[in-house]
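**Student:** Fold the following.
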Amino acid sequence: MSRSATRSTGFRAVVSTCLAVTVLDGVDLLMFGAVLPVLLQDQVWGMTTVEAGLIGSVSLFGMMIGAMLAGYLTDIVGRRPIVLGCVASFSVFTGLCALAPSLEVFAILRFLAGLGFGGALPTVIALTMEYVRIERRQFYNGVVQTGFPIGGALVSVLAIVVIPVFGWQSLFAAAGLVGIVLFAVAYRNLPESMAFLVARGRADEAAELARRYEVGVAAESGLAVRQGSTAGDGRRSAFRLLSAPGFRVAAVLFPLISFFGLLVSYGMNTWIPQILRTTGYDLGSALSFMLAFNLGSAVGMVVLTGLADRFGSRRVISTGFLAGAAAVAALTLGSAQGVVFGLVLLIGFCASSQSAVYGFAGVYYPAAARGTVLGLCTGLGRLGGVAGPIMVGIVIAAPAGATGVFWAFTAVGLVAAVLVALVPRTGLSDRPRPVVDDGPADRQVPA
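**Tutor:** I've put the predicted structure just below:
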């Protein structure tokens, strides 16, 4: 392979492909929120607001199961086959949603698509963290997760233009076709985890990947190839590592933090258009607020995870949750439309603190347990995503209405900030980094 060809398939190919996976994930996940006002207005399948909340939670419930299962399997069979299987799964079932003949079939297809989406996220985060520089792992975790708000922003724009002309089904059909194309791209670009290969005694394969993707000792995978440092951990059960002294308390706290963070994120994403329509905005204006939320989230994911690399995860994440809670509380003041737009933008920015939680968990634990802990965080945390749309559907139908929803989200943000501060300072991210005297930090690992 030529030098130029090698460079064209460097770590950027891994990051960009993982980003594309999360973009499509965001498109599908937020698509229901974009079409929800139309489904309710046109009374498709006679859907009620309570049923809408349940449907919004169905795919999230599938994501919970898929994340925990895939997170565990990726530490056993490797990252690459899990990502490819997840992409294929969510592409097929999302496309079939366009053909659903009834509410029950639609719900089943959303659940099956959710299995694939849930399994993709912890796997692409784990893979990304192993192929980038150690001191930039949280930042690139944030970059990859910007796919969610980017996907949400795309859905917001497309829904305004496409639904009136082609109907709500066209969004699901297009996402399924794009997913098939993405599978081919991922099959070509995504490698296996080098740390996984070394831990399984396949050092020659790992060294070849290090040469092809130009991964040096500045990356975790490069260190694994050079020193074989993950081989010992690879022989231990990931769950045993999670329950080891210094890690077991955080293994409970991280999923709890994710629960509250995702409750706000998915509750807002699913219901923002409908909540703001009930306060007097038309469909176009309501969807523009959804766009603002997701644009704020995209910026926040990069900014907050970059700050976490520099100033520490606890301080940055706690501050983000507190600021988001204050912004949600301000929505109860009934401000002008421009102020509300700015507040929704800020809420989206602060809600991306949840993305930094995944990065925090990823650097807190050893590579051999990373897929499993991220699977638990994204999987058990999805219970918050399941509860969020249901909670909003119930509260908004009660006398408290939109105001009650805003105060509930404020309380949730405060609880999340407290839990972050309680994470023990015993993880790998709190320990001195081993000094590697192997020449320049970006020196390539030889084949």
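
**Student:** tell me which element the residue nearest to residue 136 when sequence neighbours are not counted is part of?
**Tutor:** Nearest-residue entry for residue 136: residue 309, 6.3 Å, with adjacent residues in sequence omitted and distances by CB to CB, 6 or more residues apart in numbering. In this view, the C-beta of every residue, glycine as well, is placed from N, C-alpha and C. Using DSSP states H and E, residue 309 sits in helix 283-311.

**Student:** Would you mark the buried spots in that helix?
**Tutor:** 283, 286-298, 300-309 (16 or more other CB atoms under 10 Å).

**Student:** Output the contacting helices and strands for that helix.
**Tutor:** Packing partners of helix 283-311 (3 or more CB pairs under 8 Å, 6 or more residues apart in numbering; DSSP states H and E): helix 11-41, helix 137-145, helix 147-166, helix 248-278, helix 313-330, helix 337-351, helix 353-364.

**Student:** of all the ones you listed, which lies closest to residue 386?
**Tutor:** Of all those, helix 248-278 sits nearest to residue 386, with 8.1 Å by CB to CB.

**Student:** Hey, what's the angle from the closest one to helix 313-330? Just curious.
**Tutor:** Between helix 248-278 and helix 313-330, the angle comes out at 20 degrees (axes from the mean of the first three to the mean of the last three CA atoms, to 10 degrees).

**Student:** okay, residue 160: pLDDT?
**Tutor:** Residue 160 carries a pLDDT score of 81 in this model.

**Student:** cool, residue 280 as well?
**Tutor:** pLDDT for residue 280: 64.

**Student:** before we move on, back to that, thinking the residue nearest to residue 136 is in contact with residue 134, fair?
**Tutor:** No - with contacts counted by CB atoms under 8 Å, residue 309 stays clear of residue 134, the gap being 9.9 Å.

**Student:** hang on, the earlier thing: gap between the helix holding residue 309 and the chain center?
**Tutor:** From the chain centre to the centre of helix 283-311 is a distance of 13 Å (CA atoms, centre = their mean, to the nearest Å).

**Student:** What's the mean pLDDT across it?
**Tutor:** Helix 283-311 shows a mean pLDDT of 80.

**Student:** Now do the phi/psi pair for residue 247.
**Tutor:** When quoted as degrees, to the nearest 10, the phi and psi of residue 247 stand at phi -120, psi -20.

**Student:** ugh, typo on my part, it should be residue 133
**Tutor:** Main-chain torsions, residue 133, degrees, to the nearest 10: phi -60, psi 140.

**Student:** what about it, distance to residue 309?
**Tutor:** 10 Å (CB to CB, to the nearest Å).

**Student:** what does residue 271 give?
**Tutor:** From residue 271 across to residue 309, the span is 33 Å (CB to CB).

**Student:** Could you do residue 203 as well?
**Tutor:** Residue 203 sits 29 Å away from residue 309, going by CB to CB.

**Student:** Show the low-confidence segments of this protein, by residue range.
**Tutor:** The model of the chain has pLDDT under 70 over residues 1-9, 216-219, 221-224, 227-238, 273, 276-287, 334-336, 400, 429-447.

**Student:** Flag every buried residue along stretch 408-428.
**Tutor:** 408, 409, 410, 412, 413, 416, 417, 419, 420, 423, 426, 427.

**Student:** Please save the CA atoms from that stretch in CSV.
**Tutor:** C-alpha atoms of stretch 408-428 as CSV (Å, rounded to 0.1, in the frame of the first residue of the first chain):
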residue,chain,number,x,y,z
ALA,A,408,-39.7,19.0,36.2
PHE,A,409,-36.8,19.4,33.8
THR,A,410,-35.2,22.0,36.1
ALA,A,411,-35.3,19.6,39.1
VAL,A,412,-33.8,16.8,36.9
GLY,A,413,-30.8,19.0,35.9
LEU,A,414,-30.0,19.8,39.5
VAL,A,415,-30.0,16.2,40.5
ALA,A,416,-27.7,15.3,37.6
ALA,A,417,-25.2,18.0,38.7
VAL,A,418,-25.1,16.6,42.2
LEU,A,419,-24.5,13.0,41.0
VAL,A,420,-21.6,14.1,38.8
ALA,A,421,-19.9,15.7,41.8
LEU,A,422,-20.3,12.4,43.8
VAL,A,423,-18.2,10.3,41.3
PRO,A,424,-15.2,9.0,43.3
ARG,A,425,-11.7,10.3,42.4
THR,A,426,-10.4,6.7,41.9
GLY,A,427,-10.7,6.2,38.1
LEU,A,428,-7.9,6.0,35.6
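
**Student:** any idea how far that stretch is from the chain center?
**Tutor:** Here stretch 408-428 is found 18 Å from its chain centre; the criterion is CA atoms, centre = their mean.

**Student:** Contacts for that stretch, please.
**Tutor:** For stretch 408-428, the external contacting residues (CB atoms under 8 Å, 6 or more residues apart in numbering) are 245-247, 249-250, 253-254, 256-257, 260-261, 263-264, 267-268, 313-314, 317-319, 321-322, 324-326, 328-329, 350, 353, 357, 360, 363-366, 391, 395.

**Student:** Taking those residues, please make a PyMOL selection of just the buried ones.
**Tutor:** In PyMOL, this line selects whichever of these come out buried by 16+ other CB under 10 Å:
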select buried, resi 247+250+253+254+256+257+260+261+263+264+267+268+313+314+317+318+319+321+322+324+325+326+328+329+350+353+357+360+363+364+365+366+391+395
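
**Student:** how close does the closest residue to residue 46 other than its chain neighbours sit to residue 27?
**Tutor:** The spatial neighbour of residue 46 that comes closest, neighbours along the chain excluded (CB to CB, 6+ apart), is residue 103 at 7.7 Å. Residue 103 sits 22 Å away from residue 27, going by CB to CB.

**Student:** Check residue 303 too.
**Tutor:** 23 Å.

**Student:** what's the closest residue to residue 330 other than its chain neighbours in contact with, if anything?
**Tutor:** In this structure, residue 330 finds its nearest non-sequential neighbour in residue 343, 5.5 Å apart by CB to CB, 6+ apart. For residue 343, the contact set (CB under 8 Å, 6+ apart) comprises 327, 328, 330, 331, 335.

**Student:** Now do the contacts for the nearest residue to residue 259 once chain neighbours are set aside.
**Tutor:** Leaving aside its sequence neighbours, residue 259 sits nearest to residue 384 (CB to CB, 6+ apart; 3.7 Å). For residue 384, the contacting residues are 258, 259, 260, 261, 262, 263, 264, 266, by CB under 8 Å, 6+ apart.
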